[in-house]
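K.L.:
Build me a structure from this.
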Amino acid sequence: MSVIKKFKRAVRGEISPTTATLEILRRTRQSLNSRKELSLLKNKARQRARFLPAFARMSPDELLAHFKQRKSPSFFVGFVTQPASSDLVEQARRITDTHRWALLGFGEKDFGEKIDWCLDPLSGLQWPLDYHRNINLLRGDGSDARVVWEVNRLGHLLTLSRAYAATKDEQFVLEFSQQLRDWTRQNPPGFGVNWTCAMEVALRLMNLAGAFQLFRSSSHLDQDSLKSFLDLIYQHGIHINRNLEFSYLSTSNHYLSDVVGLLWLGLLFPEFDEAEKWRDFGLREMLKEVDKQILPDGADFEASTGYHRFILELLLYSFILCKRNNVEIEARYWNKIKGMLDYVLGYLRPDGYAPLLGDTDSGQVFPLRRRRADDHAYLLAIGAVVFDEQRYKINNEEVPEELTWLLGQEGVQSYRSLAQTDEEVSSRGFADAGTYIMRDGDLYLCLNASGAGLNGRGSHGHNDKLAIEVSAFGRSFIVDPGTYVYGADLERRHEFRSTAFHSTVQIDGEEQNTTDENVPFVIGNEAQPRVLHWETSAVSDRIVAEHSGYRRLKHPVVHRRTIVFKKTEREWLIDDEFLGNDEHEFVSRFHFAPGLNVTANGLEVTARDEALRCALKISALNGEGKFELEEQSTSHDYGQRSESITACLRVKGKPVKLSWKVTPIKL
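P.N.:
A predicted model of the protein is given here:
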């Protein structure tokens with residue numbers, strides 16, 4: 001790709017000349033710093049941990065005793081008082097005995113007798129130990145950096161440490177130590193795929209810090225293993241600080257993860273000489289990013305519910321950790337977190353799961369329990385205790401494992417003592433996010449009128465403008481297809497974010513926003529959806545929204561969608577209007593959830609759940625032709641895919657209004 005083309009892609013969106021100039025200067029400095037870093041890494045032995053004078057003067061025995069016995073800083077309270085479940089101990093034994101643990105949506109995987117930390121466990125392809133900035137992450141050979149990164153976040157070591165806390169079985173400590181020795185030997189700082197992304201380094205650091213809180217009492221933690229551990233996490237801090245994923249054009253979940261990693265390192269290891277600097281910088285930058293990345297209505301600005309969950313975990317856990325260590329955060333930032341929880345409460349379906357708008361890579365910040373990508377409700381339970389908010393107690397029985405470990409038994413008791421509200425979650429529009437929810441009892445419709453994300457720059461948004469999700473009778477009928485994969489299969493990556501995979505209207509076979517299959521994390525901003533009208537009442541909701549993605553056609557068209565929800569009649573009426581002239585092909589699609597029996601009969605399509613004896617019927621109230629059924633796929637977790645059916649109606653000619661009635665039916 002030419003330099004000019006790269007620059008144009010980089011400065012997409014609304015960028016001022018001043019910002020563009022600053023970014024050019026930053027990239028120039030970064031290039032110079034990269035050469036310096038490579039020279040340092042080649043010519044210098046591994047960076048050893050450096051301590052404040054009081055700790056630097058300690059003998060190895062004294063330093064070991066200090067870390068074993070210290071009472072501060074404070075970690076999450078459940079890491080002191082919480083016993084582990086039998087299921088957790090069994091998971092830990094599988095990790096120790098057979099090197100098996102869950103990997104994203106791929107299920108439990110066997111990582112071999114001797115773990116190769118630079119091997120893609122799915123494709124079997126090896127990643128090179130080149131300088132981290134020289135590694136091409138999109139190799140086109142079926143390998144997936146995201147999968148390797150997940151393994152190397154070392155979240156499974158949290159499972160070992162928590163099982164050890166409950167059982168005091170030293171085998172878990174020995175396994176932890178052996179895996180960490182192998183990892184350190186195979187991953188010299190700054191070389192290999194596991195150092196290419198500072199965000200991944202930060203998340204690994206946080207998981208290692210958490211595991212250490214429980215393993216440090218073990219008799220197998222000796223002077224040498226402590227020294228190796230402290231050297232390793234210090235190297236992580238140095239690497240993050242050198243390779244911050246900052247840009248004047250836009251920052252995202254990557255930069256936020258970087259600075260949060262430094263915050264955790266500075267908080268939890270105040271003995272390091274850089275600890276205060278890392279802590280203060282991390283806290284300051286985290287709060288700046290909250291102001292930049294969290295929209296006024298509480299949504300993350302990347303046009304993705306999956307990344308909203310990730311950012312909410314990142315911030316909520318960090319705020320709790322700061323509070324535990326008497327680091328004050330202004331009330332307005334806590335209110336931002338509450339706004340993020342309100343957004344989750346608003347978009348969760350009646351079945352308790354989330355619509356997967358935009359990208360999701362199933363990422364979790366501090367994986368105390370493996371959660372599939374559309375499982376977000378556990379964060380509300382934590383929020384219910386943190387904010388003493390009964391609205392967030394949507395499940396009266398289950399206490400999420402995360403709440404227990406983060407907030408301890410006192411948090412569990414507080415959660416159980418909260419009265420569950422009788423007030424139903426009502427219809428709500430999130431204007432900044434572009435997410436509008438029509439709901440009444442078991443009925444739910446989500447309209448997506450979000451932009452490309454990242455202030456128009458686009459990264460994790462999809463071509464899903466004016467697409468809908470519909471649920472009834474406690475099950476999903478029309479769904480967003482999810483994400484499936486990133487770099488392992490660029491064709492599938494493109495499909496899952498395409499207009500044709502979403503429940504909206506495609507015109508002339510074009511995408512709503514421009515995309516390039518070979519550039520999987522760039523999407524155009526041509527659609528720019530806007531909501532013209534939104535109202536909600538006890539008896540009905542109404543929304544009118546449009547997008548301009550097809551104004552770039554030779555004969556421009558604006559797609560306008562109006563949805564009326566008649567709550568008493570238990571039905572939705574949808575009008576699709578096309579503002580323009582000349583002839584086009586209009587393809588209306590409804591993407592159904594897996595496991596439904598979908599049949600088409602002329603201008604009607606019915607999706608049945610035979611077990612629940614319920615169905616959803618979609619009737620075309622005008623137009624010609626007949627519904628056709630297409631085989632597509634749906635993914636609720638990264639790497640997981642299920643076969644599903646999409647109903648498709650094609651109309652050719654000059655723009656007309658297409659009208660639909662969507663009706664839940666009890667069989």
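
K.L.:
Every contact and neighbour count from this point should use C-alpha atoms.
P.N.:
Fine.

K.L.:
How about S450: what's its closest non-neighbour residue?
P.N.:
Residue nearest to S450 in three dimensions, not counting chain neighbours: G434, with 4.0 Å by CA to CA, 6 or more residues apart in numbering.

K.L.:
What's the local residue count around the one you found?
P.N.:
Look at G434: counted by other CA atoms under 10 Å, it has 21 neighbours.

K.L.:
Name the next helix or strand following the longest helix along the chain along the chain.
P.N.:
In the chain, assigned by DSSP state H, the helix with the most residues is helix 17-43. The element immediately downstream of helix 17-43 (helix or strand, assigned by DSSP states H and E) is helix 53-56.

K.L.:
which residue sits closest to L38, ignoring its sequence neighbours?
P.N.:
Looking at L38 with CA to CA, 6+ apart, the closest residue is Y131, at 7.1 Å.

K.L.:
Backbone dihedrals for the one you found, please?
P.N.:
phi -50, psi 130 (degrees, to the nearest 10).

K.L.:
residues in contact with it?
P.N.:
Going by CA atoms under 8 Å, 6 or more residues apart in numbering, Y131 touches L38, G190, F191, G192.

K.L.:
and what of G140?
P.N.:
So G140 contacts G487, A488, D489, L490 (CA under 8 Å, 6+ apart).

K.L.:
at 6 Å what do you get?
P.N.:
The contact partners of G140, taken as CA atoms under 6 Å, 6 or more residues apart in numbering, number zero.

K.L.:
Quick check, K566 in contact with S540.
P.N.:
Yes: counting by CA atoms under 6 Å, K566 touches S540, with 4.9 Å between them.

K.L.:
Of those two, which one has the most company?
P.N.:
Shown here are K566 and S540; by other CA under 10 Å, S540 has more neighbours (20 against 17).

K.L.:
Find me the pLDDT at that one, would you?
P.N.:
Looking at S540, its pLDDT reads 98.

K.L.:
OK, contacts around it?
P.N.:
F565, K566, K567.

K.L.:
Among these, which one lies nearest to F592?
P.N.:
F565 (19.6 Å; CA to CA).

K.L.:
and the closest one, which of the three is it?
P.N.:
Secondary structure state of F565, per DSSP: H, G, I helix; E, B strand; the rest coil, is strand.

K.L.:
now it, nearest residue through space, not along the chain?
P.N.:
Leaving aside its chain neighbours, F565 sits nearest to W572 (4.5 Å; criterion: CA to CA, 6+ apart).

K.L.:
Okay, and that neighbour sits in which element?
P.N.:
With DSSP H and E as the test, W572 turns up in strand 571-580.

K.L.:
now that strand: mean pLDDT?
P.N.:
On average, strand 571-580 scores 97.

K.L.:
go on, stretch 419-430?
P.N.:
Stretch 419-430 comes out at a mean pLDDT of 89.

K.L.:
For it, measure first residue to last.
P.N.:
End-to-end span of stretch 419-430 (CA to CA, to the nearest Å): 27 Å.

K.L.:
residues of that stretch that come out buried?
P.N.:
Neighbour counts over stretch 419-430 (16 or more other CA atoms under 10 Å) mark Q420, V425, S426, S427, R428, G429, F430 as buried.

K.L.:
just stretch 264-282 next, same as before
P.N.:
Quick answer for stretch 264-282 (16+ other CA under 10 Å): 264-276, 278-282.

K.L.:
Using PDB, write out the CA atom coordinates for it.
P.N.:
Provided in PDB are the C-alpha atoms of stretch 264-282 (Å, rounded to 0.1, in the frame of the first residue of the first chain):
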ATOM      1  CA  TRP A 264      -2.700  -1.600  38.200                       C
ATOM      2  CA  LEU A 265       1.100  -2.100  38.200                       C
ATOM      3  CA  GLY A 266       1.700   1.100  40.000                       C
ATOM      4  CA  LEU A 267      -1.000   0.400  42.600                       C
ATOM      5  CA  LEU A 268      -0.100  -3.200  43.300                       C
ATOM      6  CA  PHE A 269       3.700  -3.000  43.300                       C
ATOM      7  CA  PRO A 270       4.500   0.300  45.000                       C
ATOM      8  CA  GLU A 271       8.000  -1.100  45.700                       C
ATOM      9  CA  PHE A 272       9.100  -0.400  42.100                       C
ATOM     10  CA  ASP A 273      11.000   2.800  41.300                       C
ATOM     11  CA  GLU A 274       8.500   3.700  38.600                       C
ATOM     12  CA  ALA A 275       5.400   2.700  40.500                       C
ATOM     13  CA  GLU A 276       4.200   6.200  41.500                       C
ATOM     14  CA  LYS A 277       4.800   7.500  37.900                       C
ATOM     15  CA  TRP A 278       3.000   4.600  36.400                       C
ATOM     16  CA  ARG A 279       0.100   4.900  38.900                       C
ATOM     17  CA  ASP A 280      -0.400   8.600  38.500                       C
ATOM     18  CA  PHE A 281      -0.100   8.500  34.700                       C
ATOM     19  CA  GLY A 282      -2.400   5.500  34.400                       C
END
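
K.L.:
Show me the contacts of Y131 that map onto helices.
P.N.:
Filtering the contacts of Y131 for helices - DSSP H - leaves L38.
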